[in-house]
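Undergrad: Fold the following and give me the result.
(chains A and B)
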Amino acid sequence: MTGKSFVEAWNEFFFAEQSPIPMALFRIVYGMAVLATLLLTREDWIAWYGPHAWVSLRTMQAFEPGPRLNLFTVMPASVFWVQALFWVFAASAACLTIGFLTRLNSVVVYICLASIQQRNLFILHGGDTFLRVAGFFLIFSAAGAALSVDRLIRIWRGKEGVEIQPRRPWAQRMIQFELSLMYFVGFCWKVAGAMWVQGTALSYIYRLDELQRFPLPSWFLNETLMKLATWFTLVLEFALGVLIWIRELRYYLLAIGLLFHLSIEYSMNVPMFEWDILTAYVLFIDAADLKRFWNRISGRVGLFLGERITVIYDGGSERLRRIANLLGALDIFGRLRLTDSRDLGTPSGVDTKAARNEIVVMTQSGTQPRFDGMRRVAAVVPLMWPIFVALSIRRLWTS
Amino acid sequence: MAGSREDGEILRREKNARKSKVAEKGNALRSGSKALAGKKSAEAPPETAARAKRLFGLKKWRYIAINTFLIFHILAISCWCMPLSSPFIAVCRDALRPYFVWSGLFQSWDMFSPLPKATNSYLEALVLYKDGSTKIWSFPRMEQLTLTEKYSKERYRKFVETILDNANAALWPDVARYVARLPEIRAGQPQKVMLVVKWSDIVRQPDGTFTRAPWDEHVFYSYDVKPEDLQ
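TA: Numbers count the residues shown, from 1 in each chain, chains lettered A, B, ... in the order given. The predicted structure follows:
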């Protein structure tokens, strides 16, 4: 590879614009993983991080000296402040999940996550570490560019249309890099250990009482199978670290990796580790494949949501175009047929003057009046179901 | 006054027109029956387009800054966590340490390696009260918990693993103090807290089968509780 072609490949890899949907999906599952981690430790927040915790802040600082991004060192040492930090953290993680003020919340989530991990480094597993380092690069990503409240707000403000704009994926690439590095370094550490090379490592691990979750069949614990499983782990970690970058092998490896992590989730007690790692798998899926997969799902789910509804709007009106765009963005199951009256003309039976001022909703039974029309639209768009409930209550109230 | 209002109105209209152009650029539409195509954006002059393509639409300083960030972090993270032991790598890690430790980018991926644990063990605290009576307080043991408890109490498994490592002996006073402060312990006026490890090795037999060695125990730390510990 020449220097020039390397630079071209580098630029293509980090800067060629692509759909932000994988990153947006990652943001959602990442936020859920962070929330789950918080809620699972809810009853021990004070025990681990409080003013009289298992490990005092002073001991922690003596153990790991030096300046650190750790809010516990600057906030008052009281139960109230610790609880407040955790609730702010949880609220911010929830906002990150739905993509509201995404950039700000990604920063808040990272600072809070780094703080609680720095406060007690002795209770962390690899999944926590992965969430932290992935969270760092998430800050720089276009995670709010799709599937987010931020995007709906941008559409409403007329700053964006329905079509999701491609973005530079360099921050996404760094999270992918972290995941593959994790597997590769894990492989390197393991091949340095005699038990892994000899094939006995898993025989020991599966006999640790503290790690057992659901029972395994006794035949699985026989020596030959344990050796094969140990060596398979080495091969898979190498493959997920290195070969995952080969496009033709990627999906096979992701599928095997998924089964591998689910089997660990079944058999071993390392809560959240597998889920934390699996969150990043979505970053390796091409947006086009995600779209194909989603189209297949939405086609099936859409059938249960009722008839497709035609929504006619006057594209010459900025307000109506924004509303139409917003409906288009919310309609993830494709139940609306959005039609610009400038292109098709006002259909017969529709008041031309009314069509210029408001959205016209047409169902098989004809044109629907304003609120009823919006209620029908909300009924077939799951993301608008809260509005459907509100409009239904209003209808009952007024009748 | 009226003039300035008109000017303001004109400005507002121009601003809205600009906004709607932006919106239409990426607008409306899903393919097919869903919606209709917006106006295409004006073609950029060839020179500008070529330049934008060269730097992927980034200003030159931004392109350089991002690349510096990427190259630095790729090299630094690799250097930090790869299990290499050359003097050069050690120097690099020392240089990186302040930044990694501060920012939270430190990481290690040595799960179950190089040698996985080969001993079943658990931790208890033996509490000696002022009246001479004793009580054993057991740390949560994963094998005795329900599935949901395992999810929420797993941190104790990791913590006990850490405590049992002699390299972390500096944690033992904190742990003993915490046990003494537990409501059910504090009420009885604890005088001494002893940390006891119980263990059983997993032994590989010559025929390739595995057995468990008998359980053994050892008091590895003793702490005299001070009155201020119970405040």
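Undergrad: which stretches of chain B form helices?
TA: B:2-25, B:46-54, B:60-81, B:87-103, B:147-163, B:172-181, B:183-186 (DSSP state H).
Undergrad: Now do the shortest one: distance to the chain's middle.
TA: Helix B:183-186 has its C-alpha centroid displaced from the chain centroid by 32 Å (Cα atoms, centre = their mean, to the nearest Å).
Undergrad: Repeat that for stretch B:60-68.
TA: For stretch B:60-68 - counting by Cα atoms, centre = their mean - the centre lies 29 Å from the chain centre.
Undergrad: For it, give me every contacting residue.
TA: With Cβ atoms under 8 Å, 6 or more residues apart in numbering or on different chains as the test, stretch B:60-68 has contacts from A:14-15, A:170, B:55-56, B:58. Every C-beta, even on glycine, is put in place using the N, C-alpha and C of the backbone.
Undergrad: Mind checking the pLDDT average for it?
TA: On average, the pLDDT along stretch B:60-68 is 92.
Undergrad: got it, and stretch A:137-152?
TA: pLDDT averaged over stretch A:137-152 gives 94.
Undergrad: Tell me if stretch A:211-226 is near chain B.
TA: Yes. Under the criterion of Cβ under 8 Å from any Cβ of the partner chain, stretch A:211-226 makes contact with chain B via A:211-213, A:223.
Undergrad: Pull out the C-alpha coordinates of the lengthiest strand in chain B and format them as CSV.
TA: Using DSSP state E, we find that the single longest strand of chain B is strand B:190-204. The C-alpha trace of strand B:190-204 is given here as CSV (Å, rounded to 0.1, in the frame of the first residue of the first chain):
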residue,chain,number,x,y,z
PRO,B,190,-18.3,-4.5,68.4
GLN,B,191,-14.8,-4.6,69.8
LYS,B,192,-12.9,-6.4,67.1
VAL,B,193,-13.6,-7.4,63.4
MET,B,194,-11.6,-10.2,61.8
LEU,B,195,-11.7,-10.9,58.1
VAL,B,196,-11.7,-14.6,57.4
VAL,B,197,-11.3,-16.2,54.0
LYS,B,198,-12.5,-19.7,53.3
TRP,B,199,-11.3,-21.5,50.3
SER,B,200,-11.2,-24.8,48.4
ASP,B,201,-8.9,-25.3,45.5
ILE,B,202,-10.1,-26.8,42.2
VAL,B,203,-7.6,-29.7,41.6
ARG,B,204,-6.9,-31.3,38.2
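Undergrad: quick one: strands adjacent to that strand?
TA: strand B:119-129 (antiparallel), strand B:210-212 (antiparallel), strand B:216-224 (antiparallel) (DSSP bridges).
Undergrad: Going by neighbour count, which residues of that strand are buried?
TA: For strand B:190-204, a neighbour-count test (16 or more other Cβ atoms under 10 Å in any protein chain shown) marks B:190, B:192-197, B:200, B:202, B:204 as buried.
Undergrad: Take the strands paired with strand B:190-204 and write them to TSV, including mean pLDDT.
TA: Listed next are these as TSV, based on pLDDT from 0 to 100:
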stretch	mean pLDDT
strand B:119-129	95
strand B:210-212	92
strand B:216-224	95
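Undergrad: Single out the most deeply packed of the ones you listed.
TA: strand B:119-129 (a mean of 19; mean count of other Cβ atoms under 10 Å in any protein chain shown).
Undergrad: orientation of that strand relative to helix B:172-181 in degrees?
TA: 60 degrees (axes from the mean of the first three to the mean of the last three Cα atoms, to 10 degrees).
Undergrad: phi, psi of residue A:75?
TA: phi -100, psi 160 (degrees, to the nearest 10).
Undergrad: list the contacts for it?
TA: Residue A:75 makes contacts with A:81, A:85, as judged by Cβ under 8 Å, 6+ apart.
Undergrad: helix/strand/coil for residue A:145?
TA: Classification of residue A:145 by DSSP: H, G, I helix; E, B strand; the rest coil places it in coil.
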